[in-house]
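**Q** any chance you can model this:
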Amino acid sequence: MSGFTREAFLPDPDERNPPLHASSTETEASIAREARDIAQRLIAAPALAHDPELPREWIVKDLIPDANLSLLTGEGGVGKSTLATQLAAAMQIDGEWLGMRVTQGGVLFVSTEDERKDIKLSLSAVLKAEDKSVAHCARRS
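**A** Predicted coordinates for the structure are as follows:
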C-alpha cells in the first residue's frame, strides 16, 4: 500500500486564491464539495466486491467500449483517419466496420489536422463504397 492519504490529494487552503468576490462561507463550501468529490473517487479494493457485475456495453464488441474514451494511435499516413471515418459512417448507416457489427448512434468526429472539405471528401468516399451518401448520416435522436 502506498503512503498516500486522502489529505495528500486535498489542496492546501493556504495555497488557494479564492476569487475576490467569494465570501469565506462560499470558499469553505467549495472546499467541502471538492473534498467530498475526491472522497467519492477513492475506492478501497475490498469495497468493489460488493458491487454488482454490470455488463460492458460496446460500440464494437470486445474492441471499442461504449461510454469510454478510446484512443487510435499510429504513425502518420497509416490510415487512422480513414478507420475513424469508416467507423463513424458505420455507426450512422447501420453498417459494419472491418466485418464487425457496430452499435448505432450519434457521432462526434473531431479532427485537428484535416480541413472540412477533406473530411467531407473522405466521408463521401467511405459512404460511396457502401452505396450511401452523406444524406444517409441523418442526425439521430
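
**Q** lowest-scoring secondary structure element of the protein by mean pLDDT?
**A** The helix or strand of the chain with the poorest confidence is helix 6-9; it has a mean of 48 (mean pLDDT, DSSP states H and E).

**Q** next structured bit after it?
**A** helix 24-41 (DSSP states H and E).

**Q** report the rounded mean pLDDT for that following helix.
**A** Averaging pLDDT along helix 24-41 yields 81.

**Q** any idea how far apart the tips of stretch 95-115 sit?
**A** Stretch 95-115 has an end-to-end distance of 25 Å (C-alpha to C-alpha, to the nearest Å).

**Q** what comes into contact with it?
**A** 57-61, 63, 66, 81, 84-92, 94, 119, 122, 130, 139-140 (C-beta atoms under 8 Å, 6 or more residues apart in numbering). Quick note: C-beta positions are derived from backbone N, CA and C, even for glycine.

**Q** cool, and stretch 122-139?
**A** 81-82, 85-86, 88-89, 92-93, 95, 106, 114, 120.

**Q** rerun at 6 Å
**A** Outside stretch 122-139, the residues that touch it by C-beta atoms under 6 Å, 6 or more residues apart in numbering are 85-86, 89, 92-93, 95.

**Q** from these, which one has the minimum pLDDT?
**A** For the contacts of stretch 122-139, the least confident entry is residue 95, with 83.

**Q** can you give me the helices in the protein?
**A** 6-9, 24-41, 45-48, 80-92, 116-129 (DSSP state H).

**Q** let me know which of those is tucked in deepest.
**A** Highest mean neighbour count of the helices of the chain: helix 80-92, a mean of 19 (counted as mean count of other C-beta atoms under 10 Å).
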